[in-house]
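Enquirer: Need the 3D shape of this:
(chains A and B)
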Protein chains: 2
Amino acid sequence: MTAGKRYASSTDVARLAGVSQSAVSRTFTPGGSVSAETRRKVMAAADALGFRPSIIPQIMLTNRSGLVAVIVGGLRNAFYGAVLERFATRLRDAGHQVLLVPVESDYTLDTVLEELRSYRVDAIVSGLAVLSQEVADALSAFRIPIVSCNTSVTSDWVASVDSDNRGAGRAAADWLHRCGGTRFAFLAGPEESPASRDRLDGFRAGLAALGLEPPRVINGDYTYDSGQAAVSRLFADGPADAMFCANDLVALGAMDRIRNGLGLRIPEDVMVIGYDDIPSAAWESYRLSTFDQDPEGLVVQALDLVREMSEQGPARGRVRVVEARFIPRGSTRQPMA
Amino acid sequence: MTAGKRYASSTDVARLAGVSQSAVSRTFTPGGSVSAETRRKVMAAADALGFRPSIIPQIMLTNRSGLVAVIVGGLRNAFYGAVLERFATRLRDAGHQVLLVPVESDYTLDTVLEELRSYRVDAIVSGLAVLSQEVADALSAFRIPIVSCNTSVTSDWVASVDSDNRGAGRAAADWLHRCGGTRFAFLAGPEESPASRDRLDGFRAGLAALGLEPPRVINGDYTYDSGQAAVSRLFADGPADAMFCANDLVALGAMDRIRNGLGLRIPEDVMVIGYDDIPSAAWESYRLSTFDQDPEGLVVQALDLVREMSEQGPARGRVRVVEARFIPRGSTRQPMA
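Expert: Now for the predicted structure:
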């Protein structure tokens, strides 16, 4: 067997077993009619040749490949790694295979879709947000169930599953206020990130409801380095004592700059809250107060949406929101009585 | 179009365009002979129906799916996330699709392989080590190029790509000795991990070559928590001042326990070296001296092995070793003159 022909065919098996190709096919069809003797010969030949029936003819017949594409960006953030692992494990438990598609931004989503369609994928789950109604409608034209995270636009074949970013933003405002914060700041992710924007909207709404000034906002890009730089820029314009960050990496970078760069204490001088609850948030050097996005809940809802779309077909407005749970740790003070 | 029949067929296109199915097929075959007018009609109908030719018949004809399976465990470790992202990006750049297969241990590798074969995968890259010659031989029976990381056994269809774990262990011994370390310890990963074992072997060999006592060894499991626990167990039996850890997560847990639990200073009282150079190793709270595994080099070598195996067929002893580069930071002192 050469490298060029590595998969034995049913013809190879039939020849070695001295039976018809149809007999080989029946042997590997559940419930197929074949004599015990023929089955024995076929299985012996299949073992000898390392034959395994292909799923490909079945895909041709049914247009169901068992393949689900998972689109991700930024696996260096431990949160996405953890979510991806859960998705992949659950999809495989349900009998699917996972096509991994790393992309840089959603602008390439429709290009990628062309490829995925040639593999007849059954569904697509995207960790990247779909950013506009126009893109959502264009994606819908492909008639494949698409579930996108952190997306507020939906269309016939595009559904959304989302962490309760606004609710968490409000909760962060409440908590920081109750713990005695008076000068609020938001360290943002990329400007085009709907999740970062929604967290800020909630934070603003929460402060407004308490009759407080809006937060100062510093833009960034969801990384540790961006958190460090944001703190320097923020304090160059005046102090802050209560900070909500668009994700944990930003918050961890902020904490290091606050302590090492500014020489301030956490939480006595400055309180910091993050988002994601990545493993390093719990490390003793940080003890970061943050929001647990409930990755398990996100995965369960996303897969339930895939199931619903596959069974019921197109419909607008499919949105699921998963509650985020606040985890107070040492980077915030205790609420005042 | 219902959910059950979401992919338009070439028959659908032919009917709408008012041409033969063969004309549709020729239109989508590069260099296929078809009149400009027919092509126009076919493309208009294809657009209207959202038709895209399937790659499936090509897979049947060639037994080449374009699919490469990547087997991973433990995406919560940022190192594996970063490597996976590189693999996936490079494979896609080369025109492949990536099947992601998360598994718990190598004991399930052959079960997983049965499934992957039914999809006619072109090759398998495994982040998990193959642990015994017996398993390597069994995997070879599948006649699919398999490249496994951190594996010392190979067989006809199983090749290995590996960080220079032994060389790094020797370098760690040298460095810690030159910086004044006298009581050495190794905080290990899981006992069955070949990478952890090889790092320890190199560390032992390096210390022996310097005429020094062998290190004390504490077993663990590659996590932050295990690094913390290991330090407590180590110091319960007596102090150490020069520590090499099986990976960065273990080292970061060790650092936090050394400082917060034991009240010792790093690097003045205890020096710590890790392995992987994950992003958090560079964070200001740690400044961990560590080894950069050169993930890009690992990926390039792995993919080159896949190419070589595909082109040349079976052969034993295919092993590539990628040098690890030491990155001194603040968790070790300066070498003495």
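Enquirer: how about the strands in the stretch 101-250 of chain A?
Expert: A:123-126, A:146-149, A:158-163, A:184-187, A:216-218, A:242-245 (DSSP state E, counting those that start in this stretch).
Enquirer: of all those, which lies closest to B:F235?
Expert: strand A:242-245 (35.1 Å; Cβ to Cβ). For glycine as for every other residue, the C-beta is placed from the backbone atoms N, C-alpha and C.
Enquirer: Partner strands of that closest one, with direction?
Expert: Strand pairing for strand A:242-245, using DSSP bridges, gives strand A:184-187 (parallel), strand A:271-273 (parallel).
Enquirer: what is the mean pLDDT for that strand?
Expert: Mean per-residue pLDDT for strand A:242-245: 98.
Enquirer: contacts for that strand?
Expert: Residues outside strand A:242-245 that contact it (Cβ atoms under 8 Å, 6 or more residues apart in numbering or on different chains): A:169, A:172-173, A:176-177, A:179, A:181-187, A:199, A:203, A:215, A:227, A:251, A:254, A:270-275.
Enquirer: Determine the number of other residues adjacent to A:D137.
Expert: 15 (other Cβ atoms under 10 Å in any protein chain shown).
Enquirer: so what's it up against?
Expert: A:S155.
Enquirer: how does it look with 10 Å?
Expert: Residues near A:D137 by Cβ atoms under 10 Å, 6 or more residues apart in numbering or on different chains: A:V130, A:V153, A:S155, A:D156, A:W157, A:V158.
Enquirer: For A:F51, give me the backbone phi and psi.
Expert: Backbone dihedrals for A:F51, given as degrees, to the nearest 10, come out at phi -80, psi 140.
Enquirer: A:L100 now?
Expert: Per degrees, to the nearest 10, the backbone of A:L100 is at phi -90, psi 130.
Enquirer: sorry, back to before: which one of the contacts of A:D137 is nearest chain B?
Expert: Nearest to chain B among these is A:W157, at 8.8 Å by Cβ to the nearest Cβ.
Enquirer: Tell me the confidence at the residue nearest to A:V231 when sequence neighbours are not counted?
Expert: Counting by Cβ to Cβ, 6 or more residues apart in numbering or on different chains, the nearest residue to A:V231 once its immediate chain neighbours are dropped is A:R257, at 4.1 Å. Per-residue confidence at A:R257 stands at 98 (pLDDT).
Enquirer: Then A:R257 would be within a helix, right?
Expert: Yes - counting by DSSP: H, G, I helix; E, B strand; the rest coil, A:R257 is located in a helix.
Enquirer: worst-scoring helix or strand of chain A, pLDDT-wise?
Expert: In chain A, no helix or strand scores lower on mean pLDDT, DSSP states H and E than helix A:56-62, which sits at a mean of 57.
Enquirer: so after that helix, what's the next helix or strand?
Expert: Elements were assigned by DSSP states H and E; along the chain past helix A:56-62, the next helix or strand is strand A:67-72.
Enquirer: Sheet-wise, list the partners of that next one with their directions.
Expert: strand A:97-102 (parallel), strand A:123-126 (parallel).
Enquirer: mind putting those in a markdown table, mean neighbour count and mean pLDDT included?
Expert: Shown next, in a markdown table, are these (neighbours: other Cβ atoms under 10 Å in any protein chain shown; pLDDT from 0 to 100):
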| stretch | mean neighbour count | mean pLDDT |
| --- | --- | --- |
| strand A:97-102 | 24 | 86 |
| strand A:123-126 | 25 | 88 |
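Enquirer: B:R265 is nearest to which of those?
Expert: Per Cβ to Cβ, nearest to B:R265 of the strands paired with strand A:67-72: strand A:97-102, 41.3 Å.
Enquirer: Please state the offset of that closest one from the chain centre?
Expert: With Cα atoms, centre = their mean, to the nearest Å as the basis, strand A:97-102 stands 12 Å off its chain's centre.
Enquirer: CA atoms only: put that strand into CSV for me.
Expert: Taking C-alpha atoms only, strand A:97-102 is exported to CSV below (Å, rounded to 0.1, in the frame of the first residue of the first chain):
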residue,chain,number,x,y,z
GLN,A,97,-17.1,16.1,14.3
VAL,A,98,-15.7,19.6,14.9
LEU,A,99,-14.2,21.6,12.1
LEU,A,100,-12.0,24.3,13.7
VAL,A,101,-11.8,27.6,11.9
PRO,A,102,-9.6,30.2,13.3
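Enquirer: Tell me who's in contact with the nearest residue to A:E191 once chain neighbours are set aside.
Expert: Once flanking residues are discounted, A:E191 sits nearest to A:N219: 5.9 Å by Cβ to Cβ, 6+ apart. Contacts for A:N219 were tallied using Cβ under 10 Å, 6+ apart; they are A:F186, A:L187, A:A188, A:G189, A:P190, A:E191, A:S196, A:S226, A:A230, A:R233, A:A246.
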